[in-house]
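>>> Take this sequence and fold it.
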Amino acid sequence: SFLDNSSRNLAVIHIDSIVRGAHLLPIYGTEVVPEHVTFHNSLDLYCGFYINHFIDHHIFELVS
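All right, here's what the predicted structure looks like:
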């Protein structure tokens with residue numbers, strides 16, 4: 001995401017605060033997803049994501 005002055009909204013987090021990886025699903029609009037969208041650039045192209053908490057039982061218990 002971006003701030004009002006068009007600079008990126010970033011933060012550095014400590015490695016000890018990471019619990020586990022997450023399966024992110026982009027919040028798609030009504031348009032067809034362009035062919036150039038890949039897992040390499042999807043974080044830069046979409047403004048919001050859902051967390052797939054059904055990916056395994058561990059993450060389901062963590063976020064429920």
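>>> can you give me the strands for the protein?
24-26, 49-51 (DSSP state E).
>>> so which of the ones you listed is the most packed in?
When those are scored by mean count of other CB atoms under 10 Å, the highest mean neighbour count falls to strand 24-26 (a mean of 14). Every C-beta, even on glycine, is put in place using the N, C-alpha and C of the backbone.
>>> about what we covered before: let me have the strands of the chain in JSON lines, extended by mean pLDDT and distance to S64.
Converted to JSON lines, these look like this (pLDDT from 0 to 100; distance: least, CB to CB, whole Å):
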{"stretch": "strand 24-26", "mean pLDDT": "92", "distance to S64": "17"}
{"stretch": "strand 49-51", "mean pLDDT": "92", "distance to S64": "12"}
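>>> Please produce JSON lines containing the ones you listed, extended by distance to I59.
JSON lines is the format used below for the strands of the chain (distance: least, CB to CB, whole Å):
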{"stretch": "strand 24-26", "distance to I59": "12"}
{"stretch": "strand 49-51", "distance to I59": "8"}
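>>> Which helix runs longest in this structure?
Criterion DSSP state H: the longest helix present in the chain is helix 57-63.
>>> ok, and what's touching that helix?
19-20, 22-23, 51-54 (CB atoms under 8 Å, 6 or more residues apart in numbering).
>>> quick check, nearest of the residues you listed to V32?
Proximity of the contacts of helix 57-63 to V32 (CB to CB) peaks at N52, which lies at 21.7 Å.
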